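Enquirer: here is my input; please provide its structure:
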Amino acid sequence: MSAPAVTSGAARVRGAGTVPRATDRWASLVEFYFRFHTALVYAFLYLPIIVVVVFAFNGTERVVTQWGGLSIKWFEVALGDEVVQTALTNSFLVAIPNAFMATAFGTMAALGLQRVGRKLKLTFDTLTYMSVIVPEIVIALATLVLFATGFDVLESLFGIKINFGHPTIIAAHVLFNTSLVLLLVRARLSGMDRSLTDASADLFATPWRTFRQITFPQLLPAIVAGFLLAFTFSFDDYVITTFVSGPGSSTLPLYIFGQVKRGVTPETNAVATMMLALTLILLFVGQLVLIWQSRRAGRRASMASVIAET
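Expert: Numbers count the residues shown, from 1 in each chain. From the prediction side, this is the model:
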């Protein structure tokens with residue numbers, strides 16, 4: 001009589017492994033829902049922009065919703081309008097100085113906060129996040145009160161009369177955008193490799209040379225991003241500009257809002273499309289600068305490795 005077959009543990013495990021797992025019948029439905037929801041979100045964000053751009057090329061006479069064929073005549077009308085030209089010039093006169101000053105102040109503040117104590121750094125962090133979180137209407141009102149009170153004091157004490165205009169708009173925009181640049185540069189600083197800075201100090205490099213050859217190239221992506229963000233926020237801002245603007249300092253957002261109150265025209269769509277194109281061009285140029293800087297850094301690293309091997 002033959003002995004009964006003994007099933008080994010490995011055989012039982014292999015046998016158990018052959019049992020098919022239960023499939024999730026709802027997985028395909030959930031995946032379809034998430035994809036559909038994502039498509040709706042992107043459509044909600046970008047479809048209105050596409051509509052504005054398309055109707056900017058509408059060849060109709062005045063009625064925006066009536067399609068009259070493709071035409072660029074409204075771009076010619078907008079560029080030939082003296083009011084639009086003045087508003088565009090004011091936007092550049094405000095956005096460019098604001099971007100340079102906000103980038104410089106934010107970068108210097110981020111570098112300075114590296115070497116302060118924990119309590120002082122926590123205080124500055126709180127103030128920085130408050131300036132970003134506080135509603136823009138509150139910042140605009142507070143800035144207006146500050147300027148109005150300060151101008152009255154200067155006029156009563158020293159006889160100096162200062163009016164609202166480009167300087168007040170630039171100052172208000174710099175106050176807000178400096179915090180954004182500071183956050184970007186500080187985030188970049190926290191991820192930097194400190195060993196390169198320490199090695200530069202060990203090789204008796206001066207602080208300025210260390211900053212120019214080590215720190216600045218690593219901070220350049222954040223600095224460029226902060227500059228573009230400050231320029232875009234200033235160029236497109238409406239709320240703060242409304243409160244602190246003066247006679248002859250109307251920017252493009254103020255012009256567009258004034259036109260919309262009387263009804264949207266193809267010229268308004270053309271102006272908005274040109275603003276969008278300018279913003280996209282700036283983003284493209286900034287991306288090219290970052291790519292060029294990364295390739296240059298890569299070539300320097302490869303040359304340094306070759307020199308080290310030789």
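Enquirer: other residues contacting stretch 127-134?
Expert: 139, 175-176, 179-180, 182-183 (CB atoms under 8 Å, 6 or more residues apart in numbering). Glycine gets a C-beta too; all of them are placed from N, C-alpha and C.
Enquirer: what do you get for stretch 161-170?
Expert: Here stretch 161-170 has contacts from 90, 93-94, 97-98, 101, 147, 151, 154-155, 240-241, 244-249, 251, using CB under 8 Å, 6+ apart.
Enquirer: measure that stretch end to end?
Expert: Stretch 161-170 has an end-to-end distance of 18 Å (criterion: CA to CA, to the nearest Å).
Enquirer: which non-adjacent residue is nearest residue 201?
Expert: Spatial nearest neighbour of residue 201, chain neighbours left out: residue 210 (6.7 Å); criterion: CB to CB, 6 or more residues apart in numbering.
Enquirer: settle this for me: the one you found is touching residue 199, isn't it.
Expert: No - contact criterion CB atoms under 8 Å: residue 210 and residue 199 do not qualify, at 9.5 Å.
Enquirer: okay, the two: which has more neighbours?
Expert: residue 210 (18 against 13; other CB atoms under 10 Å).
Enquirer: ok, that one to residue 244 distance?
Expert: Distance check for residue 210 against residue 244: by CB to CB, to the nearest Å, it reads 40 Å.
Enquirer: can you check residue 222 too?
Expert: 28 Å.
Enquirer: tell me the contacts of the residue most central in space within the chain?
Expert: Centroid-nearest residue in the chain, with CA atoms, centre = their mean: residue 229, separated by 3.4 Å. Counting by CB under 8 Å, 6+ apart, residue 229 makes contact with 177, 180-181, 184.
Enquirer: one step back: just the buried residues of the contacts of stretch 161-170.
Expert: 90, 94, 97-98, 101, 147, 151, 240-241, 244-245, 249, 251 (16 or more other CB atoms under 10 Å).
Enquirer: would a markdown table of those with pLDDT, distance to residue 280 and secondary structure be doable?
Expert: As requested, the buried ones among the contacts of stretch 161-170 are exported to a markdown table (pLDDT from 0 to 100; distance: CB to CB, whole Å; DSSP: H, G, I helix; E, B strand; the rest coil):
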| residue | pLDDT | distance to residue 280 | secondary structure |
| --- | --- | --- | --- |
| 90 | 91 | 21 | helix |
| 94 | 92 | 20 | helix |
| 97 | 94 | 22 | helix |
| 98 | 94 | 20 | helix |
| 101 | 94 | 24 | helix |
| 147 | 89 | 33 | helix |
| 151 | 86 | 38 | helix |
| 240 | 90 | 23 | helix |
| 241 | 91 | 22 | helix |
| 244 | 90 | 28 | helix |
| 245 | 88 | 26 | coil |
| 249 | 83 | 26 | coil |
| 251 | 89 | 19 | coil |
